[in-house]
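Engineer: coordinates only, sequence not included:
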């Protein structure tokens with residue numbers, strides 16, 4: 001940005017560069033007499049910030065320690081370094097004081113946005129511990145604030161900008177798996193504006209164990225290394241690497257005042273007890289005192305009525321929120337209308353496509369119909385031809401029939417003539433027979449009389465029965481004739497009438513539908529009607545019960561429904577989808593907080609994919625995060641959150657907690673050394689001359705066997721992590737403080753190259769067994785043992801192996817002169833060229849060389 005001059009000046013201008021989380025303000029012209037407040041107010045005016053009480057300017061002093069710029073002191077009078085490139089002061093505009101509750105206390109959007117950016121950066125840089133499940137949930141709100149609703153147009157999510165590296169390294173999950181989980185929760189935030197998403201982000205973030213706490217290294221009266229945590233709730237004392245559980249904690253309501261006198265801080269509580277401590281770095285004393293006073297003032301301010309300025313800001317924020325809500329509602333309506341129009345457009349396109357398809361089908365049908373018509377016309381022509389041929393054949397057949405008829409008539413006339421001749425011959429024969437003898441004449445007369453009598457004896461009822469039989473046969477072929485009716489009656493004459501009635505009831509319905517003979521005999525008609533129409537009292541089915549309309553199936557269904565209703569009313573098992581009954585007495589437990597449920601769901605989703613600790617990438621920050629993960633998991637298992645832990649740390653009176661603070665002793669660790677750290681060896685000065693306390697306990701021997709060899713061109717003693725192989729190792733047992741243990745970790749490249757394990761040591765003084773840490777090489781190249789010395793039980797740089805140790809400083813000089821390998825050279829000697837750690841170091845060296853070449857090119 002351009003230069004900003006507020007006061008007139010005659011001297012050489014002094015420039016300041018201020019970097020906020022959102023932008024950089026370059027070349028702000030300041031006066032030599034300006035105090036920190038002048039610059040702070042100028043920056044607030046430039047960025048339009050009104051809630052100034054949460055922020056401050058941070059700089060790095062000459063010891064590379066971050067400090068807060070004091071508002072009542074001149075800028076030039078403080079230990080602020082100038083940028084060597086442009087001789088300007090460089091400051092960071094950061095959140096200095098945190099609210100107790102984000103939602104009601106942060107009023108304006110610009111303030112909330114700066115909080116969001118800083119908390120997000122602290123989580124990604126792993127300065128603020130965040131559990132894996134909370135990281136995914138926070139990432140979903142972050143992408144909602146940055147990109148809006150989840151759509152395919154956004155593209156892939158950059159994990160480095162949304163998840164801390166310590167979280168990614170803990171799980172055996174690919175980048176796509178992380179993106180899928182973030183998108184799944186991102187889709188649940190649909191409709192949230194940027195302000196709402198940032199607010200949800202801060203709501204979840206403020207429940208993190210280390211949120212809003214600024215840590216500073218201090219010492220108590222026993223010179224125990226501790227950390228002071230300053231937060232909006234109070235002051236906490238943290239021991240070791242644990243930054244989650246304070247031991248103890250003092251709320252601001254219990255603190256009466258804090259003074260700084262004789263390079264020590266003195267905190268007085270309400271019960272007149274005093275806690276004294278000093279910072280391990282005197283250059284941050286003013287920052288600690290300023291933070292404590294400012295945080296306590298804000299604590300008191302929150303419990304007082306709002307000032308007119310705050311009331312006006314709240315009123316403006318309310319109006320802005322209402323205006324934004326109206327705009328969002330209008331945008332929602334427009335979005336809905338646009339979606340409706342897009343939907344209608346899509347439907348119209350579908351209809352056009354459908355109609356196009358139907359038109360194509362219709363054209364195809366027309367084509368097929370035309371082909372069918374052509375085929376039918378062709379068939380009609382063939383049919384007409386065949387009809388003509390058939391008509392011609394018919395004419396020929398009719399002519400043949402006429403000819404045959406004429407022949408038949410001629411044949412009949414000839415037949416008649418022959419019959420007439422036959423009758424004439426018969427008459428002639430009869431006349432000839434009349435001339436027979438008298439005896440033959442009498443005999444002929446008797447025969448003729450007998451034949452005439454036989455023809456006249458005929459049953460008179462035959463003419464009446466004949467039409468009936470024909471009518472029966474034509475009416476129903478299966479019915480018997482009336483002539484056999486008497487035979488049926490005679491056969492059934494021995495059957496009881498009731499049995500006959502039961503038979504008639506058991507007949508199929510088709511028997512009753514058969515036609516009745518039209519003319520039965522007069523004396524048999526009543527009996528026939530009796531068989532066809534049985535008595536009514538025999539055909540009625542008795543009803544069930546007293547209800548004449550009773551139906552058994554209906555009763556069964558009603559009984560089944562009554563049983564179901566009875567089971568439900570009498571405490572029977574309800575349907576699985578049935579909602580539980582509502583108890584008006586208030587026994588229904590309200591649902592838990594949504595964010596807690598979301599975190600539990602996320603924790604259950606990714607816990608099964610967690611890597612083994614031995615597979616995770618190592619590093620100081622990652623190691624600290626793993627310890628915080630263990631503490632966090634333990635708190636979750638016990639149901640403890642951030643505020644529960646604070647309340648537990650406030651048990652007892654302030655005086656009791658002050659006594660507990662004074663009684664905290666420095667944590668001690670036992671370390672067993674076997675190589676160059678022993679007495680008289682080249683690196684023993686690391687124990688004796690570096691920062692931290694140590695104490696020699698005794699010489700000793702490991703209970704387990706390990707391979708101890710001297711290897712690489714630098715003749716370094718290695719104790720390989722291969723228990724059970726080699727010899728019982730002789731060495732020395734020391735007790736060291738946490739600071740000295742950090743020095744040893746750095747010397748042994750823990751946890752990248754070496755691992756630190758606790759084993760059993762047999763002491764030489766009294767033969768007792770003790771436990772101590774020992775440094776073991778985790779990985780080594782396959783041929784390391786072939787190029788190394790024989791396995792030994794005790795190491796000495798001038799021993800019989802003949803391989804004197806190369807001093808670390810000579811080794812470091814050779815590495816610096818090695819432009820191709822550098823520090824990776826030693827890793828190549830130990831691990832081999834294919835090891836992932838060596839490949840990573842080589843890549844880092846190549847990137848560093850490229851960066852150096854670019855810097856040289858720009859300087860030219």
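Structural biologist: Cool, the structure landed. In this text the structure is predicted, and so the values were computed from the model without any measurement. Numbers count the residues shown, from 1 in each chain.

Engineer: Does residue 294 touch residue 96 like I think?
Structural biologist: Yes. Distance between residue 294 and residue 96: 7.1 Å, which falls inside the contact criterion (CB atoms under 8 Å). Heads up, the C-betas are built off the backbone N, CA and C, glycines and all.

Engineer: Isn't residue 49 up against residue 42?
Structural biologist: No. Counting by CB under 8 Å, residue 49 does not reach residue 42; the two are 11.3 Å apart.

Engineer: wait, what's in contact with residue 197?
Structural biologist: Applying CB atoms under 8 Å, 6 or more residues apart in numbering, one finds that residue 197 lies in contact with 141-142, 144-145, 189.

Engineer: and what of residue 317?
Structural biologist: Contacts for residue 317 (CB under 8 Å, 6+ apart) come out as 107-109.

Engineer: can you check residue 302 too?
Structural biologist: Contacts of residue 302 by CB under 8 Å, 6+ apart are 99-100, 105.

Engineer: May I ask which of those residues has the most neighbours?
Structural biologist: The most crowded member of the contacts of residue 302, judged by other CB atoms under 10 Å, is residue 99 (21 neighbours).

Engineer: correct me, but that residue touches residue 105?
Structural biologist: Yes. Counting by CB under 8 Å, residue 99 touches residue 105, with 3.7 Å between them.

Engineer: Just give the closest residue to residue 72, not the sequence neighbours.
Structural biologist: Leaving out its chain neighbours, the residue that sits closest to residue 72 by CB to CB, 6 or more residues apart in numbering is residue 35, at 6.2 Å.

Engineer: So which residues of the stretch 301-450 of the chain form strands?
Structural biologist: Shown for the stretch 301-450 of the chain, no strands are assigned by DSSP state E, counting those that start in this stretch.

Engineer: now the helices for it?
Structural biologist: Applying DSSP state H, counting those that start in this stretch to the stretch 301-450 of the chain gives helices spanning 308-433, 438-456.

Engineer: Turn those helices into a markdown table, columns for distance to residue 716 and mean pLDDT.
Structural biologist: Shown next, in a markdown table, are the helices of the stretch 301-450 of the chain (distance: least, CB to CB, whole Å; pLDDT from 0 to 100):
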| stretch | distance to residue 716 | mean pLDDT |
| --- | --- | --- |
| helix 308-433 | 64 | 89 |
| helix 438-456 | 152 | 51 |
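
Engineer: Check those for me and report the most buried one.
Structural biologist: Mean neighbour count (mean count of other CB atoms under 10 Å) peaks for helix 308-433 among these, with a mean of 10.

Engineer: Which strand or helix spans residue 116?
Structural biologist: Following DSSP states H and E, one finds residue 116 within helix 109-124.

Engineer: give me every residue that touches the nearest residue to residue 214 once chain neighbours are set aside.
Structural biologist: Nearest residue to residue 214, sequence neighbours excluded (CB to CB, 6+ apart): residue 230, at 4.9 Å. By CB under 8 Å, 6+ apart, residue 230 lies in contact with 213-214, 216, 288, 291-292, 295.

Engineer: Let's see which of these end up in helices.
Structural biologist: Judged by DSSP state H, the subset of those located in helices is 288, 291-292, 295.

Engineer: Walk me through the domains of the chain.
Structural biologist: Using automatic domain parsing, the domain parsing of the chain gives 14-95, 668-806, 807-860.

Engineer: Turn those into a markdown table, including mean pLDDT, distance to residue 193 and mean neighbour count.
Structural biologist: As requested, these are exported to a markdown table (pLDDT from 0 to 100; distance: least, CB to CB, whole Å; neighbours: other CB atoms under 10 Å):
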| stretch | mean pLDDT | distance to residue 193 | mean neighbour count |
| --- | --- | --- | --- |
| domain 14-95 | 90 | 18 | 17 |
| domain 668-806 | 91 | 44 | 17 |
| domain 807-860 | 63 | 40 | 13 |
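
Engineer: Minimum distance to residue 388: which of the ones you listed has it?
Structural biologist: domain 807-860 (98.6 Å; CB to CB).

Engineer: Buried residues of stretch 244-255, list them for me.
Structural biologist: Buried residues in stretch 244-255, counted by 16 or more other CB atoms under 10 Å: 244-252, 254-255.

Engineer: Just the pLDDT for residue 575.
Structural biologist: Note for residue 575: predicted pLDDT of 40.

Engineer: cool, and residue 639?
Structural biologist: Per-residue pLDDT puts residue 639 at 79.

Engineer: three-state assignment of the residue nearest to residue 26 when sequence neighbours are not counted?
Structural biologist: Closest residue to residue 26 apart from its sequence neighbours, by CB to CB, 6+ apart: residue 17 at 5.1 Å. Under the three-state scheme (DSSP: H, G, I helix; E, B strand; the rest coil), residue 17 adopts strand.

Engineer: So what sits opposite residue 17 in the bridge?
Structural biologist: Judged by DSSP bridges, the bridge partners of residue 17 are residue 90.

Engineer: Skip ahead from the longest strand belonging to the chain and say which helix or strand is next.
Structural biologist: Using DSSP state E, we find that the single longest strand of the chain is strand 694-706. The C-terminal neighbour of strand 694-706 among helices and strands, as given by DSSP H and E, is strand 708-711.
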